[in-house]
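In: Sequence first, then the predicted structure, then my questions.
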Amino acid sequence: MTMALTRIGARNQHALVRQHQATHRHPFWVRAVSGTILATVSWLALPTDTASADASPPLTVRARVLPATGPLNPHVIVAAHHASAPPARSPQATATHSNTSPIQPGPPVVRNRLVSSDGALDVALGVYNDCEGATPLPATAVINVCVHGRTYFMGHNPGVFTPLMSLRAGSVLTWYDGTGQTHRFRVTAVHDDNGFKGVRPWAAPGIAAQFRTCLRPDGSVVRVLDAVSA
């Protein structure tokens, strides 16, 4: 009788143990899902040989499976983040700066102008080509192309050439021609000549330019400045 009771007690004890294990054991699908998640996370963390030098930093994945609090309530937590990922840069921050500054325009080219070094004379120049002298002299200063061997400048006084009356030997004038080239002249002599029609002042050898204006309103006497290249 005692032996029979002992065997019955042992069987009951084993039955209780199996019932407890069955109750607290995770179902098969819980273990399968947990294994799949861990395998997927491990695959994502593997480095690749085809990554380029400028690709993003490798993805570091941390996975942790928490024990189930009950037979049907497993909790799986997967945390992923970029290891030491640099902050995103805006296109302006990553743009390459090149020397693309626009070329600054130079000063404007001066053409057909006569300027004295003291600034008193600064006039535009035209051309006088009536070699008979029948055409009146215009109000602007001109170059008389009918006079050869030197550059012959003419202008009215009173008028555009009035500043010539204050110039003396040693004064410098600059002529900007039609191409923008500069020609500098230094005054060597000042003299008054006959201004009758058709009479042109005499020029000594080496004179590169002469500047003529009226000394009297009727043009009977003219002031002439002789100049050499400076």
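Out: Ah, there it is. Residues are numbered from 1 along each chain as shown.
In: quick one, helices of the protein?
Out: In the chain, the helices defined using DSSP state H lie at 2-24, 28-44, 91-94.
In: Could you pick out the longest strand of the protein?
Out: Counting residues, the longest strand in the chain under DSSP state E turns out to be strand 182-194.
In: In the sheet, which strands lie alongside that strand, parallel or antiparallel?
Out: Using DSSP bridges, the strands paired with strand 182-194 are strand 172-176 (antiparallel), strand 221-229 (antiparallel).
In: List the buried residues for the shortest one?
Out: So the one you mean is strand 172-176. For strand 172-176, the neighbour count (16 or more other Cβ atoms under 10 Å) marks 173-176 as buried. To be clear about C-beta, it is placed using only N, CA and C from the backbone, and glycine gets the same treatment.
In: go on, stretch 200-208?
Out: Buried residues in stretch 200-208 (16+ other Cβ under 10 Å): 200-201, 203, 207-208.
In: Closest to Asp226 out of those residues?
Out: Nearest to Asp226, judged by Cβ to Cβ, of the buried residues of stretch 200-208 is Ile207 at 5.0 Å.
In: before we move on, back to that, lowest mean pLDDT across the helices of the chain, which one is that?
Out: Ranked by mean pLDDT, the helices of the chain bottom out at helix 28-44, with a mean of 45.
In: And the buried residues of strand 172-176, which two are furthest apart?
Out: Leu173 and Tyr176, at 10.8 Å, using Cβ to Cβ across the buried residues of strand 172-176.
In: okay, and the common contacts of those two?
Out: 114-115 (Cβ atoms under 8 Å, 6 or more residues apart in numbering).
In: List the contacts of Arg186.
Out: Arg186 neighbours (Cβ under 8 Å, 6+ apart): 170-172, 227-230.
In: Could you identify which of these has the most neighbours?
Out: The residue in the contacts of Arg186 with the most neighbours, by other Cβ atoms under 10 Å, is Ala227 (25 neighbours).
In: Number of residues surrounding the residue nearest to that one when sequence neighbours are not counted?
Out: Spatial nearest neighbour of Ala227, excluding adjacent residues (Cβ to Cβ, 6 or more residues apart in numbering): Phe185 at 3.8 Å. Neighbourhood size, Phe185 [other Cβ under 10 Å]: 24.
In: Who does Phe185 form a beta bridge with?
Out: Bridge pairing for Phe185 - DSSP bridges - gives Leu173, Ser229.
In: who's in contact with it?
Out: 172-175, 208-209, 227-230 are the contacts of Phe185 under Cβ under 8 Å, 6+ apart.
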